[in-house]
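A.B. asks: what follows is a predicted structure for the sequence shown.
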Amino acid sequence: ITLDWHDLDYPGMGERWILAGGLSPSNVGEAIAATAAWGVDASSGLESAPGVKDLDLIEAFVRVAKETSAWEQRASETRT
């Protein structure tokens, strides 16, 4: 069961914090958009079998995370 990120109150949103738990390529974009997390962590959501990381899932996870508007904006602010 994945937590509904929209139901949470995020104190200190300006702080750097990492969202973890239940993240996969199919939900990482929504998670970032809903929480404005500074970073994300994934483990089992990137496995093709227990304990076996799947390169395609890893690449998809990173691509979706980077394409999320909250992170695109942060990256452009960092470059200026």
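C.D. replies: Everything's here; your move. Residues are numbered from 1 along each chain as shown.

A.B. asks: the closest residue to residue 40 other than its chain neighbours: what secondary structure?
C.D. replies: Leaving out its chain neighbours, the residue that sits closest to residue 40 by C-beta to C-beta, 6 or more residues apart in numbering is residue 19, at 5.2 Å. Just so you know, the C-beta spots here come from the backbone N, C-alpha and C atoms, and that holds for glycine as well. Put simply, residue 19 is strand when judged by DSSP: H, G, I helix; E, B strand; the rest coil.

A.B. asks: export whichever helix in the chain runs longest as CSV, just CAs?
C.D. replies: Longest helix in the chain, counting residues (DSSP state H): helix 55-67. Only the C-alpha atoms of helix 55-67 are listed here, as CSV (Å, rounded to 0.1, in the frame of the first residue of the first chain):
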residue,chain,number,x,y,z
LEU,A,55,18.0,-1.4,-15.5
ASP,A,56,14.9,-0.4,-17.6
LEU,A,57,12.9,0.4,-14.5
ILE,A,58,15.9,2.3,-13.0
GLU,A,59,16.2,4.4,-16.2
ALA,A,60,12.5,5.0,-16.3
PHE,A,61,12.4,6.1,-12.7
VAL,A,62,15.3,8.6,-13.2
ARG,A,63,13.7,9.9,-16.4
VAL,A,64,10.3,10.5,-14.8
ALA,A,65,11.8,12.1,-11.8
LYS,A,66,13.9,14.5,-13.9
GLU,A,67,10.9,15.4,-16.1
